[in-house]
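> Structure for the following, please:
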Amino acid sequence: MDYDIGHMNYLSKIRLWAAALAIYKKPRVIGMLFLGFSAGLPFLLVFGTLSFWLSEAGISRTNIGYFSAIGLAYAVKWCWSPLVDRMLIPILTKKLGRRRSWLLLSQVAIVLALIGMAQTDPSVDLTLMAIFALVVAISSATQDIALDAYRIEAVPEEMQGAMSASYMAGYRLGMILASAGALGIAALADLNEATYEAAPWEFAYFCMAAFMLVGIISTMLVSEPEHVVTEASDQRKAKITDLVARYQHLPDPLPRLLIWLLDAVVSPFWDFLKRYGWQAFLILALIGTYRISDVVLGVMANPFYHEMGFTKGEVASITKIYGVLMTIVGAGAGGLLIVRWGVMPVLFLGAILSAGSNLLFSVLAGVGHDIWWLTGIISFDNFSAGIATAAFVAYLSSLTNIEFSATQYALFSSMMLLLPKFTATFSGVIVDRVGFSEFFVGTALLGIPVLFLILLAMKLIPARNDS
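Purely as a prediction, here's the structure:
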């Protein structure tokens, strides 16, 4: 009898897990995998992968560092997120809806700009390359805004976990293709790595532009999310309308513009400040510095590999195999640790591991060209990044009010990169002055203030504030 009861309980658990896994068969969850791929692909093509190309083209480390300022587009995307959230695109919005129209527009712009990069040799015209890279970054940041809004609105709250997991998996695959994939394609097309030729890189970037069709096709196939107007939204708009009523004597477009600005631009930020008070500034400081160690190092990572004598093929194969595996393992471990300990302790652990992994690059600078050392360092670095990312995404999600999720998430993800990207701009100058080993130690030290901010946040701010 006990065996039968135990057997029935076992079968019930299997059915529960099967039911839970069935959520990943939902069309919108599957679609998010491909849309996430489209979001992850452009990021490294104007960051790490482009740095490798510039290094091979003989561009100075100082200029490579300055080039990374293009990535600041991701850090200031909150500035135009209200436009993406509310502005209608002629013809496209009527045909596709608000979210899909912005997705398609940004994806087409990415394709065209990547083709422009593919037709430009940075050793001949660095300025033109910077212009095309900037267009890719701005268009990619716009795609992120639209996609975050789509992800939040497309499914009910109980499916958000599956949507986020599908998005992160696709995003990581896109980043892998843009880094290891692009490097591998360029390496295969390069008949003589001893001398620089632009053609292999141009071919690789043409291929990346073609892979963006995955996102375009997915945007055309998925359905537009239903726009639901909540009671709180109606009440807020009514208050704003009453407030603006005193300005009705102004010319007709001005009162309507003021209502739009207050509702779309001011309300999301006011809501965040109202819920957290002065602690909002502590939260923004934590968000703005959490990734500073790995972002600043990331600009110089590929030039470092190149100067250590590692080939594109070696870096691509190690990143593709061990880097991908350890990122998945790290993300999984991060998720389990969050369930066991909560978000903030794992956030603290992720910060320690991310800063600590940078010290290993300093060791590699002394060791030199050694495949085993490179494999171990990339593995540990990606494992650390997996844990840190899982905790950080969970933390950002806990801060967001669902009514303003698109604009607030754009604010948080922008703040996440603003200071790190600005600091990374000077990474080439620092390496030129102190060398790679000291530079890596310095990036690790940048993570120390982050630890104090996390401890302060753990003490002063509840894990979730819904007041």
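> Now residue 293: closest residue in space that isn't a chain neighbour?
In space, and not counting its chain neighbours, residue 293 is closest to residue 447: 4.1 Å by CB to CB, 6 or more residues apart in numbering. Using the backbone N, CA and C atoms, a C-beta is placed for each residue, glycine as well.
> now swap in residue 142 and tell me
According to CB to CB, 6+ apart, the nearest residue to residue 142 is residue 106 (4.3 Å).
> Does that neighbour lie in a helix or a strand, and which?
Using DSSP states H and E, residue 106 falls within helix 98-118.
> The residue nearest to residue 142 and residue 98: what is the separation?
Distance, residue 106 to residue 98, by CB to CB, to the nearest Å: 13 Å.
> what do you get for residue 306?
Residue 306 is 44 Å from residue 98, by CB to CB.
> Same check on residue 437?
For residue 437, the distance to residue 98 - CB to CB - is 50 Å.
> who's more crowded, these two?
Per other CB atoms under 10 Å, whichever of residue 437 and residue 98 has more neighbours is residue 98, with 22 against 15.
> The residue lying closest to the more buried one once chain neighbours are set aside: how many residues sit nearby?
Leaving aside its sequence neighbours, residue 98 sits nearest to residue 88 (CB to CB, 6+ apart; 6.9 Å). Number of residues near residue 88 (other CB under 10 Å) recorded here: 12.
> Check the gap between residue 88 and residue 205 for me.
From residue 88 to residue 205 the distance is 33 Å (CB to CB).
> Can you pull out the low-pLDDT segments for the stretch 1-150 of the chain?
1-24 (pLDDT under 70).
> Swap in 50 and give it another go.
For the stretch 1-150 of the chain, the stretches with pLDDT under 50 are 8, 17.
> quick one: the helices in it?
Per DSSP state H, counting those that start in this stretch, the stretch 1-150 of the chain carries helices over the ranges 2-21, 27-45, 48-56, 61-67, 72-75, 81-86, 92-96, 98-118, 126-154.
> could those helices be laid out in CSV, adding distance to residue 337?
Below are these laid out as CSV (distance: least, CB to CB, whole Å):
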stretch, distance to residue 337
helix 2-21, 20
helix 27-45, 23
helix 48-56, 27
helix 61-67, 35
helix 72-75, 27
helix 81-86, 31
helix 92-96, 40
helix 98-118, 33
helix 126-154, 24
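> Tell me which of those helices lies nearest to residue 216.
helix 98-118 (5.0 Å; CB to CB).
> buried ones in that closest one?
Buried positions in helix 98-118, judged by neighbour count with 16 or more other CB atoms under 10 Å: 98-107, 109-111, 113-118.
> Could you do stretch 357-371 as well?
Buried-residue list, stretch 357-371, by 16+ other CB under 10 Å: 357-358, 360-362, 364-365.
> now swap in stretch 178-193 and tell me
So for stretch 178-193, counting by 16+ other CB under 10 Å, buried means 178-187, 190.
> which among those gets closest to residue 329?
Using CB to CB, those come closest to residue 329 at residue 180, 17.0 Å.
> From residue 343, how far off is the closest one?
30 Å.
> Next: residue 312.
For residue 312, the distance to residue 343 - CB to CB - is 38 Å.
> next one: residue 71
Counting by CB to CB - residue 71 and residue 343 are separated by 26 Å.
> Neighbour count: the two, which is higher?
More neighbours surround residue 71 than the other of residue 71 and residue 343, with 26 against 22 (other CB under 10 Å).
> Leaving out sequence neighbours, find the closest residue to the more buried one.
Going by CB to CB, 6+ apart, residue 71 has residue 421 as its nearest residue, at 4.7 Å.
> Buried residues in the helix or strand containing the one you found, which are they?
According to DSSP H and E, residue 421 maps onto helix 405-424. The neighbour-count check on helix 405-424 (16+ other CB under 10 Å) flags 405-424 as buried.
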